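[1] based on what follows, work out the 3D shape:
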Amino acid sequence: MQKKPGRIERPTYALESVDNALRLLQMLRDVGALRLKEAAEELGTAPSTAHRLLAMLVYRGFAVQDEKRIYHPGPAMGVGPARQGWTRELTELSRPHMEALAALAGETINLVIRIGSQARFLWTAETESILRVGDRQGQVLPAELTAGGRILLAEQPRAVLEQLYLRPADEPRIDQGSSPAYDTDRRMAVGEFEVFVHELEAARTVGFAVNVEHTEEGVAALGVAIRNGRGSAIAALTAAVPVTRYRAHLRGQLVNQMHAAVRGIQVDVASIEPALVTSSAEKKTVSLNE
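    As a prediction, the model looks like this:
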């Protein structure tokens, strides 16, 4: 019998674990704050099962947990699709170079793009090292906190940075959530903003940016920009390392190895012309300069 248009039926071979994870996403979307006990009761599972599911949502950026152990929607929850067909080509062309670099350096390598004030992790090449940073593919994090996001922001003119991150002196900061990861107002006071701009200028001068435990305790990262044939920074290559190995890498060959890998990637992606990726703040800046 033909199904009626618009009719929704439960799949014959439904995967309960997947369904439970999706139900948790719906609860976070509709309720906004969720305790472990409430999640377990709603799903009809043991608290340990609900905890494992929520832990994966936190890992992938769809949930965050505050100091009271309450779960909230994470930064990836309200993010729409990148809508950039070129990112698939970029990923496919970058993968061999990333895998080779991961094997050579013994560290986890990520491919990152920036959309507005967000850094999106497109793909991860993991190393075989016993002590390593895990897969980051699919995560969405504040660009100004990540090594890849910072090196890409370093390419932006000051006017764009002001629109994205400078809070007017007469405008108070709005606390939008109990967790920093849930805070969507990334703007800074004048003094903090000037320090931020100085750090970006320094990153651009030396050719790489760093993130030392800004996004995850015990993890550091280094980021290098990837340019197309026109010289535009279209993405970033990052190396995520245990913080215990960070300073050794700064003194060692990792940055040089990353630059060598990026040179290889840039040959392959020279013809890629990304569609303009802008936030509303960047669009406003562009219109004012036209």
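
[2] how about the strands of the stretch 151-290 of the chain, start to end?
    Residue ranges of the strands in the stretch 151-290 of the chain, as given by DSSP state E, counting those that start in this stretch, are 209-212, 219-227, 233-242.

[3] paired strands for the longest one, with orientation please.
    Each strand that strand 233-242 pairs with, and the sense of that pairing, follows from DSSP bridges: strand 108-115 (antiparallel), strand 219-227 (antiparallel).

[4] tell me which of those is the most buried.
    strand 108-115 (a mean of 25; mean count of other CB atoms under 10 Å). In this view, the C-beta of every residue, glycine as well, is placed from N, C-alpha and C.

[5] ends of stretch 62-69, how far apart?
    15 Å (CA to CA, to the nearest Å).

[6] buried residues in it?
    If you call a residue buried by 16 or more other CB atoms under 10 Å, then stretch 62-69 has these buried ones: 62-65.

[7] chain center to the helix or strand harbouring Val64: distance?
    In this assignment (DSSP states H and E), Val64 forms part of strand 63-65. In terms of CA atoms, centre = their mean, to the nearest Å, the centre of strand 63-65 is set 15 Å apart from its chain centre.

[8] who touches the helix or strand just after that strand?
    Going down the chain from strand 63-65, the next helix or strand is strand 71-73, by DSSP H and E. By CB atoms under 8 Å, 6 or more residues apart in numbering, the residues outside strand 71-73 that reach it are 28-29, 32-36, 39, 54, 57-58, 62-66, 177-179, 182.

[9] ok, stretch 17-32 next?
    Counting by CB under 8 Å, 6+ apart, 34, 39, 42-43, 45, 49-50, 53-54, 56-57, 62-63, 71-73, 77 sit against stretch 17-32.

[10] of these, buried ones?
    Buried among the contacts of stretch 17-32 (16+ other CB under 10 Å): 34, 39, 42-43, 45, 50, 53-54, 57, 62-63, 71-73, 77.

[11] show me which of those is closest to Gly138.
    Set against Gly138, the nearest of the buried ones among the contacts of stretch 17-32 by CB to CB is Phe62 (9.4 Å).

[12] and the pLDDT at that closest one?
    Phe62 is assigned a predicted lDDT (pLDDT) of 85.

[13] that one against Leu54, yeah?
    No - with contact defined as CB atoms under 8 Å, Phe62 does not count as touching Leu54 (9.5 Å).

[14] give the helix, strand or coil label for Gly149.
    Classification of Gly149 using DSSP: H, G, I helix; E, B strand; the rest coil returns helix.

[15] give me the pLDDT for it.
    Note on Gly149: pLDDT of 97.

[16] nearest spatial neighbour of it, skipping sequence neighbours?
    Leaving aside its chain neighbours, Gly149 sits nearest to Ala143 (3.0 Å; criterion: CB to CB, 6 or more residues apart in numbering).

[17] in this structure that neighbour contacts Arg120, no?
    No - in this structure Ala143 lies outside contact range of Arg120 using CB under 8 Å: 9.1 Å.

[18] name the residues contacting each of those two.
    Joint contacts of Ala143 and Arg120 (CB under 8 Å, 6+ apart) are Arg114.

[19] returning to that earlier point: show the contacting residues for the residue nearest to Gly149.
    Going by CB under 8 Å, 6+ apart, the list of residues near Ala143 reads 114, 116-119, 149-150, 152-153.

[20] what's the farthest-apart pair in those?
    Gly116 and Arg150 (14.3 Å).

[21] the more surrounded of these two?
    A direct count of neighbours by other CB atoms under 10 Å for Gly116 and Arg150 places Arg150 higher, at 27 against 15.

[22] thinking again about what came up before, between the buried ones among the contacts of stretch 17-32, which is closest to Arg88?
    The closest of the buried ones among the contacts of stretch 17-32, once distances to Arg88 are taken by CB to CB, is Phe62, at 22.2 Å.
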